[in-house]
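[1] I'd like to go over a predicted model; first the sequence, then the structure.
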Amino acid sequence: MLATAALAFGFSGQAQAQQNAFGLVQQTLSNPDNEPRPVFPVPTARQLKWNQTEFYAFFHYGMNTYTGQEWGFGNENVNQFAPTGKPNPKQWLEACKAAGMKGGIAVVKHHDGFCLWPTETTDHNATKSSNQYAATLNIPADFAKAAKELDMKYGFYVSPWDRNSKYYGKDIEGKSYVRDVFLKQCFELAHYGADQFEMWFDGANGGNGWYGGANETRKVDQSTYYDVPNLRDSVHKSCPEIILWGVGGEARWIGNEAGWAGETCWSYGSGTSGDENAWKWNAGESDAKATTSGWFYHDGEGVKSAATLFKMYLETVGRNATLILNFPPNKAGVLPDQDVTVLRELGKMLQARLGTDKALTATAQVSEQRADGQSRTYAASNLNDGNIDTYWAPNDGQKQATITLTWSEPQTLYYVALQEYIQLGQRVKSFTIETSANGTDGWTRQGGNITTSTIGYKRIIPLNGSTSDSYKNPVTAKAVRITINDAKDCPCLHTVSVF
Ligand code: FUL
C-alpha cells in the first residue's frame, strides 16, 4: 500500500514522504518553481526585513546630556536631568527622514541605568526629576508615536549593563537584576509597539559603578548572564519583527565605530569582513557618530559634513552592512540646527547621486538563465524591473555568468549597485564591472582598486574607484557588463542599479 504525507518545507514547496515497494520511506523534494537550492546559512524573515531598513538614526539622549559624561557612573541625582525645553522625538525623526533614513533607535537607558520612561523597575528615571518637562516624560511612547506618524521604523537601546542598580551582578534581597530589572525593562519597552524593528543591546559590560552605593567593580559573563534565549523568545512574542542586536545575537557589530565595513563583507561570522565559512546568519550593522565628539551631546559639539557622511554611507550600506548614524539631541531635547541642515544636505546628495536608477531604462541580457518554474521566471529582465521579489539565476552549479545592460544612447555613469536575493543565501565571491563606450566592444574595467568580492544584501561600487571622491570623473558608456567570476553556487541577484 502506498501512503503519502506532505511535510512543510521552508523553501521549495513541499516534500513528499512515500513508502516504496520495499516498505522504506523515500523523500522527494518537489520544486515546481525550479528555484535554486539555498546556500546556508540564510536569514530569517525578520533578519531580511531588518536588512531592508538599511540606513537609520541613533539618538543618544539622557542623563549624560546634562552631566557632560559619556558613561555616567550611576550615582547621578535625578534632578540633574533638566531639559530646557520639551524633548521632541518627532523633530529628531523628521530631520533624519529628510536624509533618506528609514527609521531610528532611541537610547532610553544607557549604562548609568537612568530610564527615560515611567518604569516600575527603578527610581533612577526621568519622571522622578523635579524638572518641569521631566515629570510627564515618556520617550519610548513619544518616539513610537512620531515614528508611526512619519511612517518610519523604530526601536530602543536599553543597556544591559546598569551601573546604578544594586542588583546588577549580585542577587540580593531575593531579587535578580536580570529577571526583576533588565528583562522587565525590555518587556515594558516591547509594549510601546509591536512593530519595532530592532532592540539594541550594547556589549559594554561589567566594571565599576555605583551599584546602589556599593561603589565597586562587578563583572558578569555576558554570554550567559542576560538569559538571552528567554529574552529573545519573549520579546519576539510581542514584537515578531524585532531584531535583538549585539548581546541578543541576531545582527552583529561591524567591528568599528568609524562608519565602514570591509570591502569583503559576509553576513555571517564577525567583524568588518565576517567569515565566509561561518554557520549562522549574522549581518553587520555599523554604528557611527555624525557629530564630532561623543555619542551624547556636549557643549561645542560640531557635525561632520554631508560629504563625509555620504562616504560613510558608501562604505557601509554600499558594503553589505546597515548604517545607524548618531545625532545627539541637545539640552533642549532637540537636534541642533546645524545637524538638521547637514541632514537635509545629505538627503539631497543621496537623491542626486543615487536617486535615479538608469538601469530601469536599459535592456538586460545574461549569459545563462535557468528554466522557468510554474510561477517564477529567472529572466535577465528581473534584474531591472524595480521588483525585489523577482530575481535572475543561472542553473545550479553555474558559478560564472555575465549580466549586460545596454542603452541606445550614451549614459553618464558614477555608480553600480548590486543586490543578491539573500533569501537563498549570500553566494557571490568575486565579480568585475566593465563598461563599453559603444555598447559592444572596448570593455574597460571600472572601480579602480576596490576589491570586488562579496555582494550580499547590497553592494555599491563607485566607478571611479574612490569612496571619498566618488562623484567625479564619470564614465560615458552605452553598456555596463557585470561578470560573476566565482560564487558558492549559482548566483541569484534580484536587482542591478546604475546611477
Ligand atoms: C558603546 C557604548 O559604550 C557607547 O556609550 C555608545 O552607546 C555606543 C553606541 O556603544 O559600546
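    Arrived safely, thanks for sending.
[2] so what does the most centrally placed residue in the chain have for phi and psi?
    Nearest residue to the geometric centre of the chain (Cα atoms, centre = their mean): T322, 3.5 Å. Per-residue torsions, T322: phi -90, psi 160 (degrees, to the nearest 10).
[3] identify the bridge partners of the residue nearest to it when sequence neighbours are not counted.
    Ranked by Cβ to Cβ, 6 or more residues apart in numbering and with sequence neighbours excluded, the top spatial neighbour of T322 is E285, at 4.7 Å. Every residue, glycine included, has its C-beta placed from N, CA and C. Per DSSP bridges, the residues bridged to E285 are W253, T322.
[4] identify the residues contacting E285.
    Residues in contact with E285, defined by Cβ atoms under 8 Å, 6 or more residues apart in numbering, are W245, A251, R252, W253, I254, A321, T322, L323, I324.
[5] picking up where we left off before, shouldn't the residue nearest to the centre of the chain be in contact with K49?
    No. With contact defined as Cβ atoms under 8 Å, T322 does not reach K49; the gap is 11.8 Å.
[6] report how many residues lie close to K148.
    A count of nearby residues for K148, using other Cβ atoms under 10 Å, gives 13.
[7] shouldn't it be within a strand?
    No. If the criterion is DSSP: H, G, I helix; E, B strand; the rest coil, then K148 is helix and not within a strand.
[8] can you offset everything so residue one is 463?
    Sure thing, new numbering starts at 463, so read that last one as K610.
[9] quick one, what contacts it?
    For K610, the contacting residues are Y616, G655, by Cβ under 8 Å, 6+ apart.
[10] gap between the residue nearest to the centre of the chain and the ligand?
    For T784, the distance to the ligand equals 14 Å [Cβ to the nearest ligand atom, to the nearest Å].
[11] repeat that for D931.
    Relative to the ligand, D931 is positioned 29 Å away (Cβ to the nearest ligand atom).
[12] ok, now T874?
    Distance from T874 to the ligand, by Cβ to the nearest ligand atom: 39 Å.
[13] distance between the ends of stretch 947-955?
    Here the two ends of stretch 947-955 are set 14 Å apart, with distance taken as Cα to Cα, to the nearest Å.
[14] please apply the same query to stretch 708-727.
    End-to-end distance for stretch 708-727, by Cα to Cα: 17 Å.
[15] in it, what's buried?
    Buried residues in stretch 708-727, counting neighbours by 16 or more other Cβ atoms under 10 Å, are found at 708-717, 721-727.
[16] now do the same for G710: its pLDDT.
    pLDDT recorded at G710 is 87.
[17] likewise for V697?
    So, for V697, pLDDT stands at 94.
[18] which secondary structure state does it sit in?
    Secondary structure for V697, judged by three-state DSSP, is helix.
[19] the ligand contacts on this structure?
    E532, W533, D664, A666, D749, W757 (Cβ under 6 Å from any ligand atom).
[20] farthest-separated two in the residues you listed?
    Longest distance between any two of these is 15.6 Å, between W533 and D749; criterion Cβ to Cβ.
[21] these two: which has the busier surroundings?
    When W533 and D749 are compared for neighbours, D749 comes out ahead with 24 against 18, by other Cβ under 10 Å.
[22] list the contacts for the spatially closest residue to I704 that is not a sequence neighbour?
    Closest residue in space to I704, ignoring its immediate chain neighbours: Q658 at 4.8 Å, by Cβ to Cβ, 6+ apart. Listed by Cβ under 8 Å, 6+ apart, the contact set of Q658 reads A606, K615, Y616, G617, F618, A652, C701, E703, I704.
[23] ditto for S829
    Residues in contact with S829 (Cβ under 8 Å, 6+ apart) are P856, Q862, A863, T864, I865.
[24] look up the pLDDT of it for me, please.
    At S829, the model reports a pLDDT of 98.
[25] not counting sequence-adjacent ones, nearest residue to H653?
    Once flanking residues are discounted, H653 sits nearest to S700: 6.6 Å by Cβ to Cβ, 6+ apart.
[26] many thanks, have a good one.
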